[in-house]
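**Q** build the 3D model from these lines:
(one chain, ligands or ions: 1)
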Amino acid sequence: MPHTHQKAWDRLAEQVVLELPRPMGATSTVIDPTYRLDPAEVFGRGAPLVVEIGSGSGDALVAGAQARPDWDFLAFEVWRPGIGHALAKMGETALPNVRVVEADAAVALQTLLAPGSVREVWTFFPDPWPKAKHHKRRIVTPDLVDAVVALLEPGGVWRLATDWDHYAEAMREVIGADDRLELVSTDRAPLRPVTRFERRGTEAGREITDLAYRLR
Ligand SMILES: C[S@@+](CC[C@H](N)C(=O)[O-])C[C@H]1O[C@@H](n2cnc3c(N)ncnc32)[C@H](O)[C@@H]1O
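**A** Numbering: from 1, shown residues only. Here you go, the predicted structure:
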């Protein structure tokens, strides 16, 4: 981790990065599947909850939390330097409406949160795994669709973005196959800032696809 990110980690991780039980050891990305997180207890209030899958360096997380102080934001990220970078973006003080879980979102979201407790799920620029032999590593799978459907409150929205046409098609195929979700928008997600992944895609001549699915 660069020095400034490490310093931000040392300053803010205790307040922002949740320490959760990990049966396979402290460095494992798997949270105890019997453990349930209570957002009202964690954030000290009841507020609409946004879950971000793969927050990377925290651009959308920090911008979103600053724009919507009345919402709470829970991010999942497996890449600790990215979490350090997100903390550095907060500056001297932690944003009170942000918490980060250092864990595999695809696994944790199966069990960690109560059904129907999430207003929005964000999956922006998930790792594209462009080679056909690696497509099975992509995070948007029927299992993730099931987990997201269970988590969303009625009318809740899953927002996705990608700069890879074939991943966008695969998202439409996998999510569109589930009639509990309805495609309601392909406009840019309202709170999504430009990140380096979007910039990189655009510079390489790729088009950005935004998808928003609402729970019926
Ligand atoms: C291409 S980056 C995009 C980051 C960010 N969403 C953005 O738009 O800038 C994808 C991120 O997802 C994270 N990631 C990949 N698989 C994950 C998983 N199973 N659980 C949590 N994070 C994951 C990666 O570590 C990486 O930081």
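**Q** near the ligand, which residues of this protein? Just list them.
**A** Counting by CB under 6 Å from any ligand atom, the positions of the chain adjacent to the ligand are 54-56, 59-60, 76-79, 82, 104-106, 124-127, 139, 195, 197. All C-beta atoms are positioned from the backbone trio N, CA, C, and that covers glycine.
**Q** filter those residues down to the buried ones and hand me the ChimeraX line.
**A** The ChimeraX command for the buried members of these (criterion: 16 or more other CB atoms under 10 Å) is given here:
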select :54,55,56,59,60,76,77,82,104,105,106,124,125,126,195,197
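**Q** after the longest strand along the chain, next one along is what?
**A** Ranked by residue count and defined by DSSP state E, the top strand of the chain is strand 152-162. Remark: after strand 152-162, the chain's next helix or strand is helix 165-176, criterion DSSP states H and E.
**Q** outside of that next one, which residues touch it?
**A** Outside helix 165-176, the residues that touch it by CB atoms under 8 Å, 6 or more residues apart in numbering are 126, 128, 130, 135, 138, 140-142, 145, 158, 160, 162, 181, 183, 206-207, 209, 211, 213.
**Q** now it: average pLDDT?
**A** Here helix 165-176 scores 97 as its mean pLDDT.
**Q** what strands line up against the helix or strand that it is followed by, and which way round?
**A** On the C-terminal side of helix 165-176, the closest following helix or strand by DSSP H and E is strand 181-185. With DSSP bridges as the test, strand 181-185 is paired with strand 209-215 (antiparallel).
**Q** what's in contact with the partner strand?
**A** 149, 152-163, 165, 168, 171-172, 175, 180-189, 192.
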